[in-house]
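Peer 1: When you get a sec, could you give me coordinates for this:
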Amino acid sequence: MDIKGERIRPDYDRVSALAVMAQGLGVCLALENGRAGGQVLASALEHIGTDARKTGFGICVDTGQAYRNIPIDRIVEDPLFKRSEQSYFIQLVDLAVYALLRRERPIPSKTRYGIHRAFADLAPILVREATRYDAEGIIRP
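Peer 2: Residues are numbered from 1 along each chain as shown. All right, here's what the predicted structure looks like:
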């Protein structure tokens with residue numbers, strides 16, 4: 001880390017302890033690459049570890065092309081009823097359901113935008129074990 005021309009060694013023990021504490025709360029800490037570049041990222045991962053599930057620590061390479069698919073174990077949000085525009089989680093569910101609806105019941109006004117193909121993008125994250133009656137795990141009435 002370079003602050004005002006000085007070289008500072010990050011306190012990896014403290015960062016590791018903070019990551020473990022955050023992990024206990026269901027949060028993963030992420031170090032963003034920023035100006036320091038790959039050296040700081042490599043050094044941090046070398047000292048703390050590379051498995052985010054064990055360490056609670058990961059990296060964020062904000063190139064727009066790299067990502068890690070770390071499944072969410074639990075979601076904490078207000079335990080009350082709310083409108084979908086007030087919750088990103090509800091909006092995500094709305095999007096998934098709408099994509100499925102347009103795949104199974106396409107309409108020309110939406111098909112021209114390719115919305116009927118959007119549900120296919122969710123294939124890698126479908127919980128197929130949700131039901132044995134549907135190959136994609138979709139629970140139907």
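
Peer 1: helix, strand or coil for Pro106?
Peer 2: When classified by DSSP: H, G, I helix; E, B strand; the rest coil, Pro106 comes out as coil.

Peer 1: burial count for it?
Peer 2: Close neighbours of Pro106, defined as other C-beta atoms under 10 Å, add up to 13. Backbone N, C-alpha and C define where each C-beta goes, glycine included.

Peer 1: so it makes contact with Gly114?
Peer 2: No: the criterion here is C-beta atoms under 8 Å, and Pro106 misses it with Gly114 at 10.4 Å.

Peer 1: any idea of the pLDDT on the closest residue to His47 other than its chain neighbours?
Peer 2: In this structure, His47 finds its nearest non-sequential neighbour in Tyr12, 3.9 Å apart by C-beta to C-beta, 6 or more residues apart in numbering. pLDDT, Tyr12: 78.

Peer 1: which residues in this structure form strands?
Peer 2: 2-3, 6-7, 29-32, 57-60 (DSSP state E).

Peer 1: Quickly, which of the ones you listed bottoms out on average pLDDT?
Peer 2: Minimum mean pLDDT among the strands of the chain: strand 2-3, a mean of 43.

Peer 1: Tell me where the model's unsure across the chain.
Peer 2: 1-10, 31-41, 59-80 (pLDDT under 70).

Peer 1: again, 80 this time
Peer 2: Counting by pLDDT under 80, the low-confidence segments of the chain come to 1-12, 15-16, 18-89, 141.

Peer 1: How is it partitioned into domains?
Peer 2: Following automatic domain parsing, one finds the domains of the chain at 2-60, 84-130.
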